[in-house]
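A.B. asks: Coordinates only, no sequence provided:
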């Protein structure tokens, strides 16, 4: 079945630094990937839609300059949290869509802690 | 915008008991997915429902889709500690869209 690999699983960084999270589709090509954010005890909130070869589409309220998304190939999308602050601490999950169905596969998530 | 509301928000049951989780949409459902998540981990796909009246089962978990009520239910029979986790329903925001929204989640704890 479709597998999406997300790295790192967890990361701790200092305030003001940038962190890059990778999302890879291992056995299929994904023209579209999605980035979600999950706060403790809350549901997943869609942050942006990552489109291969073009700019990402951000949801309302998500800062484009803070959460940089790059989808340079059909198997890799990256989310870079720039100038991270403690309020950016959260659980980030990516997903990718395989084929023409609505099916989505999710990565294992990345827990970001900014200190 | 469409919203998915789940009930109950949390549930504690004794091992062996049956339970039901509901997911109600504020707008028309164009398919619905159920996922399970353990704290701090990714989502595990459980099942997908695409047609009204559709019912699917996997091991001890059964899910139904009622398009008219814009609702889906997830039923677990003879619950086990391994069923514990967060259950999330998800659906396309609109027909034909890649955008996906999620329910508010139901935290399930099964007491041994």
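C.D. replies: Sure thing, it's come through. For clarity, every value in this text was computed on a predicted model and none was experimentally measured.

A.B. asks: what pLDDT, on average, does the helix or strand where residue B:87 lies get?
C.D. replies: Secondary structure assigned from DSSP states H and E places residue B:87 in strand B:85-92. When pLDDT is averaged along strand B:85-92, the result is 91.

A.B. asks: hmm, that strand touching chain A?
C.D. replies: Yes - applying Cβ under 8 Å from any Cβ of the partner chain, one finds strand B:85-92 touching chain A at B:88, B:90, B:92. For the C-beta atoms, the positions are set from N, CA and C on the backbone; glycine is no exception.

A.B. asks: Adjacent strands (with direction) for that strand?
C.D. replies: If you go by DSSP bridges, strand B:85-92 pairs up with strand B:32-37 (antiparallel), strand B:100-102 (antiparallel), strand B:106-111 (antiparallel).

A.B. asks: residues near the closest residue to residue B:93 other than its chain neighbours, how many?
C.D. replies: Excluding the flanking residues, the one nearest residue B:93 by Cβ to Cβ, 6 or more residues apart in numbering or on different chains is residue B:99, at 4.2 Å. Neighbour count of residue B:99, defined by other Cβ atoms under 10 Å in any protein chain shown: 15.

A.B. asks: Residue A:82 too?
C.D. replies: Residue A:82 has 15 nearby residues by other Cβ under 10 Å.

A.B. asks: With adjacent residues omitted, what lies nearest to it?
C.D. replies: With Cβ to Cβ, 6+ apart, the residue lying closest to residue A:82 is residue A:18, at 4.8 Å.

A.B. asks: repeat for residue B:50
C.D. replies: residue B:31 (4.6 Å).

A.B. asks: Please identify which helix or strand holds residue A:113.
C.D. replies: Secondary structure assignment for residue A:113, by DSSP H and E: strand A:110-114.

A.B. asks: residues contacting residue A:30?
C.D. replies: Residues near residue A:30 by Cβ atoms under 8 Å, 6 or more residues apart in numbering or on different chains: A:4, A:52, A:74-75, A:77, A:96-98.

A.B. asks: so which of those are also by chain B?
C.D. replies: Among these, the residues lying close to chain B (Cβ under 8 Å from any Cβ) are residue A:97.

A.B. asks: Identify, from the contacts of residue A:30, the entry nearest to chain B.
C.D. replies: The nearest member of the contacts of residue A:30 to chain B, counting by Cβ to the nearest Cβ, is residue A:97 at 6.2 Å.

A.B. asks: so how far is residue A:76 from the residue lying closest to residue A:5 once chain neighbours are set aside?
C.D. replies: Nearest-residue entry for residue A:5: residue A:24, 4.6 Å, with adjacent residues in sequence omitted and distances by Cβ to Cβ, 6+ apart. Using Cβ to Cβ, to the nearest Å, we find residue A:24 at a distance of 5 Å from residue A:76.

A.B. asks: Ok, residue B:72 next?
C.D. replies: Counting by Cβ to Cβ - residue B:72 and residue A:76 are separated by 33 Å.

A.B. asks: I'd like to know how many residues surround residue 81.
C.D. replies: Here I'm looking at chain A. For residue A:81, using other Cβ under 10 Å, the count is 23.

A.B. asks: Chain B was what I was after
C.D. replies: Residue B:81 has 10 nearby residues by other Cβ under 10 Å.

A.B. asks: If we ignore the residues flanking it in sequence, what's nearest residue B:26?
C.D. replies: residue B:3 (4.5 Å).

A.B. asks: And residue B:92, by the same measure?
C.D. replies: Nearest residue to residue B:92 in three dimensions, chain neighbours excluded: residue B:30, at 5.0 Å (Cβ to Cβ, 6+ apart).
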